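> make a model of this:
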Amino acid sequence: MGMRGLVIGLSVTVCSMAFGQAAGEAGPVWAPLMDGQTLAGWHPVGHGTWTVEDGAFVGRADNEQLYGLLVSDWSYRDFALRLKFRCSAGDSGVYIRTLLRPPDQAHGLQVQVGPPGTGTGGIYESYGRAWLSKPTSEAEQGYLKADDWNSLTITARGGDVTVEVNGVKSAELKADPGRPEGQLALQMHSGTAMEVRFKEIEILEGPPPEG
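Numbering: from 1, shown residues only. Here you go, the predicted model:
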């Protein structure tokens, strides 16, 4: 794992302790991708406003013409990404291995985030094949907490991509031919009133840990 993941300037030792690992204990080290106070490590693209409130990235927009994206400064290839989200209104998502094209196009795989009925936890390829794995409304109701904090884990290694919402597998791709590397991006959909929050964003780069 590269030091680039530690965008808030914490050392590996501090990160390990933050996740309850005693000194000298072996185990994966998840690198935080936000400091809870600034947008460091990320940059906005398009319309809408991204702020930091109570340790979370907050996106707000009101029927904007362009998508509002918060894009990572770094690109990633094989990784596990975990975070918490809360979408009170609108339509959002988390892009992985994305390629940005002006003025607001994020090309590649997007994990849907939104209110009930929007397919939260499904995988959609923007500007490409559209829905690749979409949960049924019944399945979504079984794991999504409406207007509340939800945990999201995305594992992407090679062409295999798995999504879990609140510990429940919501989507999976095997040997997908999509782009193998790219940036991360958080989305606010255009043409809708938006409020979405993301916090505790962490990444574990490379192959899965042994054991």
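> and the longest strand seen in the chain, C-alpha only, in CSV?
Ranked by residue count and defined by DSSP state E, the top strand of the chain is strand 193-205. Output in CSV follows, covering the C-alpha atoms of strand 193-205 (Å, rounded to 0.1, in the frame of the first residue of the first chain):
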residue,chain,number,x,y,z
ALA,A,193,-32.5,18.4,-5.2
MET,A,194,-29.6,16.8,-3.4
GLU,A,195,-28.3,16.1,0.1
VAL,A,196,-25.8,13.3,0.5
ARG,A,197,-23.2,12.6,3.2
PHE,A,198,-20.1,10.4,3.2
LYS,A,199,-17.8,9.7,6.1
GLU,A,200,-15.1,7.4,7.4
ILE,A,201,-13.8,6.7,3.9
GLU,A,202,-10.9,4.2,4.1
ILE,A,203,-9.0,2.1,1.6
LEU,A,204,-7.0,-1.1,1.6
GLU,A,205,-4.9,-1.4,-1.5
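> what is that strand packed up against?
strand 31-32, strand 56-62, strand 68-76, strand 79-89, strand 92-101, strand 182-188 (3 or more CB pairs under 8 Å, 6 or more residues apart in numbering; DSSP states H and E). In short, each C-beta sits where N, CA and C put it, glycine included.
> got these as JSON lines, with mean neighbour count, mean pLDDT and distance to Ile201 columns?
Below are the helices and strands packed on strand 193-205 laid out as JSON lines (neighbours: other CB atoms under 10 Å; pLDDT from 0 to 100; distance: least, CB to CB, whole Å):
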{"stretch": "strand 31-32", "mean neighbour count": "20", "mean pLDDT": "98", "distance to Ile201": "7"}
{"stretch": "strand 56-62", "mean neighbour count": "20", "mean pLDDT": "98", "distance to Ile201": "8"}
{"stretch": "strand 68-76", "mean neighbour count": "20", "mean pLDDT": "98", "distance to Ile201": "9"}
{"stretch": "strand 79-89", "mean neighbour count": "20", "mean pLDDT": "97", "distance to Ile201": "4"}
{"stretch": "strand 92-101", "mean neighbour count": "22", "mean pLDDT": "98", "distance to Ile201": "9"}
{"stretch": "strand 182-188", "mean neighbour count": "25", "mean pLDDT": "98", "distance to Ile201": "8"}
